[in-house]
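Visitor: Below: sequence and its predicted model.
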Amino acid sequence: TYIRHNFPKSVCDFIVANDFQGRMFNPVNAAGYLIWRLSPEHHKLFTDSRFDIFGDRFVWQERMVQYGVERGPATSNTLTWNNIAWENIGLTAEEGEEIRQRLDSAEWWEILDRWDVNYVVAERTWLVLPKMDDSTTWTHVYSWTKPADPRNGYEIFVRTNGENKEIVERYAGRWPKPWR
């Protein structure tokens, strides 16, 4: 069912009003709307749901960023390549190992660096949000809550660099951080 106020219109309005540049990392669930509003003339999205064309490569990279996957020893507080429960997402350990090899065991931030991502539109439920917020590389600049479900919404982080200096100065620290 189409429910207009659940689409990230305000997120897109913010991106356009602030003239964001460069590549966007986006959730596949919002890709259709983001493409319609922003792409390809103005913004390059990371992924969409055309799996029949692109296969699953981008989906797994999105998931690894979404979950904030890191290398290193498995701990109860951090999702690492060593403690992913592949069976919980319908895969065998061998299939999981194949994905790990295809992605070179990349950490969440390495995937964003590889693709030269300049800003991230993230769903509020993503486990990577506290990691991005604690990082000196990323700055939280926008938050939007879905009217029909106040627990959900979208967050925007920009890469903390010269290109985004004005956006960071204008919006850093202005928005609540509901994932905290």
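Guide: Now that the structure is in, tell me what you want to look at.
Visitor: in what helix or strand does residue 166 lie?
Guide: If you go by DSSP states H and E, residue 166 is part of helix 165-171.
Visitor: what is the rounded mean pLDDT of whichever helix or strand residue 34 is part of?
Guide: In the assignment (DSSP H and E), residue 34 maps to helix 31-38. In this model, helix 31-38 has a mean pLDDT of 84.
Visitor: Past the helix or strand bottoming out on mean pLDDT in the chain, which element shows up next along the chain?
Guide: One helix or strand of the chain scores below all others by mean pLDDT, DSSP states H and E: helix 51-54, with a mean of 66. Following helix 51-54 in sequence order, the next helix or strand is helix 57-66 (DSSP H and E).
Visitor: OK, contacts around the residue most central in space within the chain?
Guide: In the chain, the C-alpha nearest the mean C-alpha coordinate belongs to residue 122, at 4.1 Å (C-alpha atoms, centre = their mean). Applying C-beta atoms under 8 Å, 6 or more residues apart in numbering to residue 122 gives the contacts 25, 27, 66, 128-129, 132, 154-157. C-beta here means a position set from N, CA and C on the backbone, and glycine is covered the same way.
Visitor: On the three-state scheme, it is what?
Guide: With DSSP: H, G, I helix; E, B strand; the rest coil as the basis, residue 122 sits in strand.
Visitor: And for the one 5 residues further on?
Guide: Under the three-state scheme (three-state DSSP), residue 127 adopts coil.
Visitor: tell me which residues in the helix holding residue 34 are buried?
Guide: Residues of helix 31-38 classed as buried by neighbour count (16 or more other C-beta atoms under 10 Å): 31, 33-35, 37-38.
Visitor: Out of the residues you listed, which is nearest to residue 162?
Guide: Closest approach between those and residue 162, by C-beta to C-beta: residue 38, at 22.8 Å.
Visitor: and the closest residue to the closest one other than its chain neighbours, how many neighbours does it have?
Guide: Counting by C-beta to C-beta, 6 or more residues apart in numbering, residue 38 lies nearest to residue 12, which is 5.9 Å off, once chain neighbours are set aside. Other residues near residue 12 come to 20 when the count uses other C-beta atoms under 10 Å.
Visitor: do residue 165 as well
Guide: Residue 165: 11 surrounding residues under other C-beta under 10 Å.
Visitor: cool, and the one 10 residues further on?
Guide: By other C-beta under 10 Å, the residues close to residue 175 number 14.
Visitor: For it, give me its contacts.
Guide: Listed by C-beta under 8 Å, 6+ apart, the contact set of residue 175 reads 140-143, 155.
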